[in-house]
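> below are the sequence and a predicted model for it; my questions follow.
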Amino acid sequence: MPVLNERAYLEHAIASVLTQELTVPAELVLALGPSTDGTTELAQRLAAEDDRIRLVDNPAAHIPVGLNAAIRASRFATIVRVDAHSELAPGYAALALQTLERTGAANVGGVMRADGRTPFQTSVARLYNSPVGLGGGAYHGGTHEGEAESAYLGVMRRTVLEEVGLFDESIRRGEDWELNLRIRQAGHLVWFDPNLSVTYWPRESWSRLARQFRATGAWRGELVRRYGRRNGIRFFAPPALVILLAAAVITGILQLAGVLSGALSLIISAVVYLPLVAYLLLVVVVACLPGGGGPRQRLWTLLVLPTMHLSWGLGFLGGVLRGARDTVDASRLGTRNTPLP
């Protein structure tokens with residue numbers, strides 16, 4: 001478990017791991033980044049209370065670096081990736097081990113069931129669980145078991161991880177997708193089991209959500225630079241929305257200035273404006289659908305859905321055009337743009 005500034009979630013996440021009922025020995029290795037909110041002190045206290053918890057340092061703060069440090073420090077043949085912002089369902093680990101054995105897969109993952117504690121966070125969670133929000137990957141609500149492109153978190157065979165070279169530490173986001181690509185290229189199976197469930201707690205504020213999605217989009221753009229069309233077509237929808245919105249702004253300016261008029265103006269208006277009107281209607285429909293919660297949650301949905309798409313799309317375009325470079329997910333770090341002290 002890589003950990004950075006997770007004091008509000010860490011104890012529940014650890015409890016969900018340590019209460020897993022297994023017939024084999026297990027340990028929990030925490031890779032501690034340079035937290036500033038008391039997370040490290042909490043982790044040290046919990047480790048002192050339970051000898052199944054082991055601590056390693058992750059001064060770089062980056063997730064794949066921490067994951068690799070924890071994997072190298074671990075002692076057993078199966079690696080269960082867990083997240084400090086998540087909680088494992090009861091029986092998760094035992095069922096995942098059974099699925100590994102039954103399928104012969106190298107990596108097994110399940111469903112990420114997002115949840116919220118406030119109207120804003122609940123709105124974000126609902127969109128995480130919707131194909132409209134995050135593009136319909138199997139782990140966002142799939143119901144059919146089978147071979148998969150990637151796995152949420154993942155329960156992995158250590159021998160395969162060592163064979164393919166662990167996580168790529170040059171990738172800050174999307175490291176799981178890239179690892180699973182190498183696993184599949186090496187001839188191994190990645191498997192989705194919808195009976196595996198993990199509760200995920202999204203970001204708690206609009207600004208943090210926007211920063212998270214911009215960083216994630218930038219790294220997906222970097223992965224497109226590296227791996228091209230091996231990336232699914234769904235990843236190209238948010239940047240298309242950003243380009244369409246930019247085209248609409250330019251078209252409007254030209255029309256107001258009188259540069260664009262007549263039949264050509266009507267044609268371009270139809271091409272540019274109608275898809276945006278359709279998108280706005282989609283946002284309104286999603287906000288009004290049954291299960292959308294109370295008025296405050298529905299109002300948040302009207303803002304959250306475009307924020308997710310546009311932030312991700314802007315990041316993606318930057319990542320494709322110039323690479324992700326040193327982009328990091330600063331969404332747990334206040335206004336700072338780097339996790340380093």
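Nice, thanks for sending it over.

> can you report how many residues neighbour Arg211?
Under the neighbour criterion other C-beta atoms under 10 Å, Arg211 is assigned a count of 22. For every residue, glycine as well, the C-beta is placed using N, CA and C.

> tell me the secondary structure for it?
Following DSSP: H, G, I helix; E, B strand; the rest coil, the label given to Arg211 is helix.

> hang on, isn't it packed against Ala330?
Yes: using C-beta atoms under 8 Å, Arg211 is in contact with Ala330, at 5.3 Å.

> from Leu161, how far out is the nearest residue to Val164 once chain neighbours are set aside?
Nearest residue to Val164, sequence neighbours excluded (C-beta to C-beta, 6 or more residues apart in numbering): Arg182, at 4.5 Å. Applying C-beta to C-beta, to the nearest Å, the value for Arg182 to Leu161 is 10 Å.

> so those two - more neighbours on which side?
Leu161 (21 against 17).

> helix or strand for the more buried one, which one?
Per DSSP states H and E: Leu161 is located in helix 158-164.

> now do the strands in the protein.
2-3, 28-32, 53-57, 78-80, 86-88, 107-114, 146-147, 155-157, 190-200 (DSSP state E).

> dump those strands into CSV; add mean neighbour count, mean pLDDT and distance to Glu21 as well.
Listed next are the strands of the chain as CSV, based on neighbours: other C-beta atoms under 10 Å; pLDDT from 0 to 100; distance: least, C-beta to C-beta, whole Å:
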stretch, mean neighbour count, mean pLDDT, distance to Glu21
strand 2-3, 26, 96, 24
strand 28-32, 24, 98, 15
strand 53-57, 16, 97, 17
strand 78-80, 19, 98, 14
strand 86-88, 23, 94, 11
strand 107-114, 25, 94, 17
strand 146-147, 12, 95, 27
strand 155-157, 24, 98, 15
strand 190-200, 21, 95, 15
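
> and for Phe153, nearest residue in space, chain neighbours not counted?
Careful, residue 153 is Leu; it's not Phe. Nearest residue to Leu153 in three dimensions, chain neighbours excluded: Arg81, at 4.4 Å (C-beta to C-beta, 6+ apart).

> and that neighbour, its phi and psi?
phi -80, psi 130 (degrees, to the nearest 10).

> what are the buried residues along stretch 114-128?
114-116, 119-128 (16 or more other C-beta atoms under 10 Å).

> with stretch 158-168 instead?
So, applying 16+ other C-beta under 10 Å, buried residues of stretch 158-168: 160-161, 164, 166-168.
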